[in-house]
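K.L.:
Predicted model and sequence below, questions to follow.
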Amino acid sequence: MPSFRTKRGRCVLDDDTLSLQSSLRGQWRRYREGGRWPALLMAGGMIGAVVTVVVQVLSGNWRPLLIGGGAFLILWGVGRVSNVVRGFTDDEEIPLEAISHVTAVPGTSGLTRPRFVVYERDGATKKRYVMMPSRWLSYGDEEFDRAKDAFRAVGLAVETD
């Protein structure tokens, strides 16, 4: 049963299913495994966000929170609609026989992370991103290669973008 690390957890390829297991805790674990600095940056960012919200609430200054929260919701909504329009799904489990092929996208160093695009043929073609750990993490490149080998081990064609 091949499996590999993803951005937020693990991808498990068992006998007949591609299963994605993800959580924020899993993402934290990936950063810790990848080195000290990514984990410290994530922790600092989360602590900074919580402190900012608490300070704004205690001072009674709601306007920045409402503007920031509204901007976040708008960007999140646009991203979700964009994915649906482009044919992407967020299924956590995909039957292996429904997968036609997998495209490996190595990502642009410092800009985008490596990922796989899994193509499903379920009437209309659907796509699913499998986001990989950043190449800046100590194990990023080797995990990307391990994922390609895992897809090939279960008989899925892996194309390179």
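P.N.:
Great, that's in hand. Since we're looking at a predicted model, the values are computed, not measured.
K.L.:
Going by C-alpha atoms from here, please, whenever you check contacts or count neighbours.
P.N.:
Fine.
K.L.:
just the strands in the chain please.
P.N.:
3-5, 9-13, 17-22, 93-95, 99-105, 115-122, 124-131, 158-160 (DSSP state E).
K.L.:
State the number of residues packed around Cys11.
P.N.:
Neighbourhood size, Cys11 [other Cα atoms under 10 Å]: 24.
K.L.:
And it, what's its pLDDT?
P.N.:
Per-residue confidence (pLDDT) for Cys11: 91.
K.L.:
ditto for Val50
P.N.:
pLDDT recorded at Val50 is 94.
K.L.:
Please tell me how far it sits from Gly110.
P.N.:
27 Å (Cα to Cα, to the nearest Å).
K.L.:
which one of those two has more residues nearby?
P.N.:
Taking other Cα under 10 Å, Val50 and Gly110 do not tie; Val50 has more neighbours (12 against 9).
K.L.:
returning to what we had before: and the strands of the chain: which comes nearest Glu143?
P.N.:
Glu143 lies closest, by Cα to Cα, to one member of the strands of the chain: strand 3-5, at 6.8 Å.
K.L.:
okay if I get the strands of the chain as CSV plus distance to Leu40?
P.N.:
Converted to CSV, the strands of the chain look like this (distance: least, Cα to Cα, whole Å):
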stretch, distance to Leu40
strand 3-5, 20
strand 9-13, 19
strand 17-22, 21
strand 93-95, 32
strand 99-105, 28
strand 115-122, 24
strand 124-131, 21
strand 158-160, 33
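K.L.:
Ranked by average pLDDT, which of these falls at the bottom?
P.N.:
Across the strands of the chain, the lowest-scoring stretch is strand 115-122, with a mean of 82.
K.L.:
So which elements touch it?
P.N.:
Contact analysis of strand 115-122 by 3 or more Cα pairs under 8 Å, 6 or more residues apart in numbering; DSSP states H and E lists strand 99-105, strand 124-131 as its packing neighbours.
K.L.:
The most centrally placed residue in the chain - nearest residue in space that isn't next to it in sequence?
P.N.:
Residue closest to the average C-alpha location in the chain (Cα atoms, centre = their mean): Met131, at 3.7 Å. Among residues not flanking Met131 along the chain, Arg115 sits closest, at 4.5 Å (Cα to Cα, 6 or more residues apart in numbering).
K.L.:
What is the burial count for that neighbour?
P.N.:
With other Cα under 10 Å as criterion, Arg115 counts 21.
K.L.:
quick one: the lowest-mean-pLDDT helix or strand in the chain to strand 9-13, angle?
P.N.:
Within the chain, no helix or strand scores below helix 24-34, which has a mean of 75 by mean pLDDT, DSSP states H and E. Helix 24-34 and strand 9-13 are oriented at 100 degrees to each other (axes from the mean of the first three to the mean of the last three Cα atoms, to 10 degrees).
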